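In: What shape does this take:
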Amino acid sequence: MEMEIPVIDFGKLGSEKRSETMALLHEACEKWGFFMIENHGIDKELMDRVKLLMNMHYEENMKGTFYNSETAKSLENNNIITEKDWESTFFIWHRPNSNINDLSSLSKDLRNTMDEYIDQLIKLAEKLSELMCENLGIQKNHIMEAFAGSKGPSVGTKVAMYPQCPQPQLIRGLREHTDAGGIILLLQDDQVPGLEFFKDGKWVKIPPSKNNRIFINTGDQVEILSNGVYKSALHRVMAMKDGNRLSIATFYNPSGDAIISPASELLLPSNICFQDYLKLYAKTKFGDKGTRFQSLKNMANGH
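Out: Reported below is the predicted structural model:
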């Protein structure tokens, strides 16, 4: 039985379905840590062009090297490999400084297309961060400001191909991990599966992205910032016999010098002397606990 992964329709945010859509987004962030977005406003032709050019780049510049690599040759021993991943990959930095023009093997067409795509994608990441803040009940630019540090957020893209693997039982495409950063926006293959996320004790297979949906997951910094309300989920990529799964994962991350801590509005009252708590409790025992906590927070913050 396949679990139905949440799909958030951004087209409904401007309609009377807004609150329903926001509730769906909140549940996806809280209970899943991953979901898909449709009607996200990113140009479909641009997304298709990025994928086409990246596939061409792999065939021309990466494929030969990969199949001649140590990793590819190590399968011949028929041993299970736990120290390496079956992936061919490179990384592009976009913000605060781009290194795309230093990657001389990328065609000019691919570099320009990628830059255009990233400009649109960052707008989507910012929009998503505002909606998450609204759902958490904190200032809507809180994530953006927390991530900014002194230079603005770090944005980079891991481009990965998970090539056809003759012995997928011996190696992972990518070993299980959570992402260190903030919000991850994935443009993934529309044909080949392999990505899996862990939920409720089971690995959920993520289907290829149809209709140019963008797959989202949240990283460790969002879990910290939301005081554990939103989780970063464990995930992995399986190696596939009939592979060639393209994955273009863009990380909207804090700046290197950004200090990340839980948003103060999301913290329970802290540093309260128990005796003082009991005094307040005596007066408000039959009232709402939330109100009691709020007045303790106010006391702690000197109001």
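
In: where exactly do the strands run in the stretch 1-150 of the chain?
Out: 7-9, 34-38, 88-95 (DSSP state E, counting those that start in this stretch).

In: Of the ones you listed, flag the one that's most buried.
Out: strand 34-38 (a mean of 21; mean count of other CB atoms under 10 Å). For every residue, glycine as well, the C-beta is placed using N, CA and C.

In: So what does residue 285 have for phi and psi?
Out: Taking degrees, to the nearest 10, you get phi -50, psi -40 for the backbone angles of residue 285.

In: And the pLDDT for it?
Out: At residue 285, the pLDDT value in this model is 84.

In: Turn the strands of the stretch 1-150 of the chain into TSV, columns for distance to residue 147 and mean pLDDT.
Out: Output for the strands of the stretch 1-150 of the chain, formatted as TSV (distance: least, CB to CB, whole Å; pLDDT from 0 to 100):
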stretch	distance to residue 147	mean pLDDT
strand 7-9	21	97
strand 34-38	19	97
strand 88-95	10	98
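
In: can you list the weak-confidence ranges in this protein?
Out: 1-3, 300-303 (pLDDT under 70).

In: which residues touch stretch 266-281?
Out: Under the contact criterion CB atoms under 8 Å, 6 or more residues apart in numbering, stretch 266-281 has outside partners 136-138, 226-227, 229, 292-293, 295-297, 299-300.

In: ok so, going back, now render the strands of the stretch 1-150 of the chain as JSON lines, adding distance to residue 130.
Out: Shown next, in JSON lines, are the strands of the stretch 1-150 of the chain (distance: least, CB to CB, whole Å):
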{"stretch": "strand 7-9", "distance to residue 130": "14"}
{"stretch": "strand 34-38", "distance to residue 130": "14"}
{"stretch": "strand 88-95", "distance to residue 130": "18"}
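
In: who wins for proximity to residue 182 among these?
Out: In terms of CB to CB, the element of these nearest to residue 182 is strand 88-95, at 12.3 Å.

In: So what are the sheet partners of the closest one and their directions?
Out: If you go by DSSP bridges, strand 88-95 pairs up with strand 154-162 (antiparallel).

In: Could you export the partner strand as PDB, CA atoms only?
Out: Provided in PDB are the C-alpha atoms of strand 154-162 (Å, rounded to 0.1, in the frame of the first residue of the first chain):
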ATOM      1  CA  SER A 154      23.500  30.200   1.500                       C
ATOM      2  CA  VAL A 155      21.900  28.700  -1.600                       C
ATOM      3  CA  GLY A 156      23.500  25.900  -3.500                       C
ATOM      4  CA  THR A 157      22.500  23.000  -5.700                       C
ATOM      5  CA  LYS A 158      23.700  19.400  -5.600                       C
ATOM      6  CA  VAL A 159      23.300  17.900  -9.100                       C
ATOM      7  CA  ALA A 160      23.300  14.100  -8.900                       C
ATOM      8  CA  MET A 161      22.800  11.200 -11.300                       C
ATOM      9  CA  TYR A 162      22.100   7.800 -10.000                       C
END
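
In: Cool, thanks, talk later.
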